[in-house]
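>>> below are the sequence and a predicted model for it; my questions follow.
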Amino acid sequence: MKKIISVLLCIALVAACLFAASGCSKQNQTKSDIVLITNGGTITDGGYNQSAWEGILNYVEEEPASYCYYQPILDEKGELTVANVEKYVELAANNGAQYIVFPGEEFAVSAYELSGIYPDINFILLGAKPHAADDDTDRYIKNVMSVAFDSIEAGFLAGYTAVLNGHTDLGVFGEYASASSQYGAGFVQGAAYAADSEGIPVTVNWADYDSPLLDYDYNFTIKACYDKIENANKTTFTVKVVNGIGSGTYTEGSNVTITANEAPAGQVFDHWEVKSDTEGVKDKKVNISSSSKSEMNLLVEKCDCTITAVYKDIEGEYFTVSVMDETGKNVVSVQSVSPNGECWVEAPVASENMVFDHWETSASEQVENIESKGTMVKDVNSNIELTPIYAMSDAPTFNITVETGEGGSGESLGSGSYRAGDKVVAYAAIPEEGYMFSHWENTDAYGYSTGISMENEYYWNTSFEMVDRYAAVCEEMFDRGATAVFNGGNTLAQSAFTAKWNFDYDLSIISAGEKNKDAYITAVNDYRVAVLGCLKDFKGGSVYNANCANESIYLTYVANTETEQGKAIQEKYDAVYKALADGKINLIRVQEGAGYDFCKQYQKNAYSKCLTLNDMFLTGAALG
């Protein structure tokens, strides 16, 4: 069976190469001496895949050889697994591959596991070193040549150029657990080199978002705010909802969503009963969108009113579907369902630092998606209990507290633990007598707005998408006056862009690694040059040091050379680049996770006369 699958895969991929632009060499459409396996992206992605492919094309211009690329299909989670990569390596081996190029860290485990299975193939692993799945210790394997980009030099170029372009208040958004901590150290040294050589005072704030020394509170609060009815600038009316939610005092013309409570066991929602509470206004003047739907809209017009959800008994046999709490002992909600019927269930919001994982039930075959916190339960033919199981999240979670402000009566709902991208639904408590709901406020632990965008901040029931709270660190740097923040070597680099978009589009983000169209400057790791160098002089078990000496690093922007000032900046940059390449600039190199140690060392030894380096690690509690 495996052989049949391999043959079919081979046919499909060869066909893909035949029809893809420049997919395979013209010398031989099946035999390929050199094969690029992409990370699932295309060879025109403007990033690492394209850069690596260009390196192969440059090589075969000088040394004729057959070549091809394979673009793997990712799994249902959007990941590139070792098992998936192995299919393409096997195909490449069957087609006579002598070299296989892996573009990126996501291939590190594949290189470790597959290089031993295919000892006659030379593997080029870009931007990483082979390691086991359960052990990130770097391995040196006789048929694998690794490429390590000099992140200190890349950061140096970015910091140097930023200062020459007028940015004198800078930030470093780092990652304590990253193996690329040298990016930040290089950035600081480049900024200091420019500051000292130009005699310009420069300030750099540095924070590793995940440092155990950074005492930053990423959680935030949203508060339901109320105002006295007497302050309303329009006529107001009182809506009372019985057996449902939506009660409150509203201005004329408001559109209010009214939702019935879950029906008692053995009953189902039947209809809404409406009653005018204003003398002289008939009941039929109460304007609701539907009397038969359990959720409908009320257009508030010239009367107070009472709206009551009415239920009816289920005729004949019925079954219950109960959602339990996480202990499995207490019922959170229960629905009555006719035989062979269905209903929608939703897990309660996760508690602090947890996330929904799956449902536990003896009727799993009836649950449409056992791993979704909101799902249908179908073909109900017995009483069913579902217990939500929560787990620590492998993605960052943030805690939201929903509070009731002055003038509200009871608990406002929506508190819990959420991940970036989750939908958060908040419900304000019913107003006290003499008050009406006014608006929602959101603040972080330091009194700043969190940048969330509510569906309607002036409505008692609203929703929003959970924001990336790590952006708050970059926003703090912008609050301190930074005009440019460096996010190189950070797996949460996107957080810096989130802060920029929330704060001010004129602020600048400086990146490193792969080209980034949203960045002001990117210090690019040039896979093209590295691939060309490795193919020309392959040395298994060694590391190709990609740096300024072999021109494997460049900036996407240095200066506007159409101006005299820009030409001067370019000349200075070229001179510094050559000095780095010739080893004439001594750089302080650090270990991974050494951001704090580097900052303290830099301050203690006063390496720069003009640059002030402020670490934010120990002052985290005072941020804001």
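Looks like it came in fine. Residues are numbered from 1 along each chain as shown.
>>> show me what stretch 377-388 is in contact with.
The contact list for stretch 377-388 (C-beta atoms under 8 Å, 6 or more residues apart in numbering) reads 319-326, 328, 337-345, 347-348, 356, 359-363, 366-368, 373. Bear in mind the C-beta positions are built from the backbone N, C-alpha and C, glycine included.
>>> what residues sit buried inside that stretch?
377, 380, 384-388 (16 or more other C-beta atoms under 10 Å).
>>> end-to-end on it?
From its first residue to its last, stretch 377-388 covers 14 Å (C-alpha to C-alpha, to the nearest Å).
>>> average pLDDT across it?
The average pLDDT within stretch 377-388 is 96.
>>> and for stretch 118-133?
The pLDDT scores in stretch 118-133 average 94.
>>> what of stretch 52-63?
Regarding stretch 52-63, the rounded mean pLDDT is 96.
>>> same check, this time on stretch 481-491
Here the average pLDDT along stretch 481-491 is 92.
>>> how far does it sit from the chain's center?
Mean-position distance between stretch 481-491 and its chain equals 16 Å (C-alpha atoms, centre = their mean, to the nearest Å).
>>> would you mark the buried spots in that stretch?
482-490.
>>> mark which of the contacts of stretch 377-388 are part of strands, please.
Taking DSSP state E as the definition of strands, the contacts of stretch 377-388 contribute 319-324, 337, 341-345, 356, 359-360.
>>> if we can go back for a sec, can I get the buried residues of stretch 481-491 in CSV with secondary structure?
Rendered in CSV, the data for those read as follows (DSSP: H, G, I helix; E, B strand; the rest coil):
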residue, secondary structure
Ala482, coil
Thr483, coil
Ala484, strand
Val485, strand
Phe486, strand
Asn487, coil
Gly488, coil
Gly489, coil
Asn490, coil
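>>> farthest pair in those?
Thr483 and Gly489 (20.8 Å; C-beta to C-beta).
>>> contacts only, for Phe173.
207, 209, 473-474, 477, 485-487, 490, 493, 495-496.
>>> could those go into a markdown table alongside distance to Ile121?
Formatted as a markdown table, the contacts of Phe173 follow (distance: C-beta to C-beta, whole Å):
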| residue | distance to Ile121 |
| --- | --- |
| Ala207 | 44 |
| Tyr209 | 40 |
| Val473 | 44 |
| Cys474 | 43 |
| Met477 | 46 |
| Val485 | 42 |
| Phe486 | 38 |
| Asn487 | 36 |
| Asn490 | 33 |
| Ala493 | 33 |
| Ser495 | 39 |
| Ala496 | 39 |
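>>> let me know the closest of those to Ala133.
Nearest to Ala133 among the contacts of Phe173, counting by C-beta to C-beta, is Asn490 at 23.1 Å.
>>> and the closest residue to that closest one other than its chain neighbours, how close does it get to Leu164?
Using C-beta to C-beta, 6 or more residues apart in numbering and skipping residues adjacent in sequence, the residue nearest Asn490 is Glu175, 4.4 Å away. Note on Glu175: its distance to Leu164, by C-beta to C-beta, to the nearest Å, is 26 Å.
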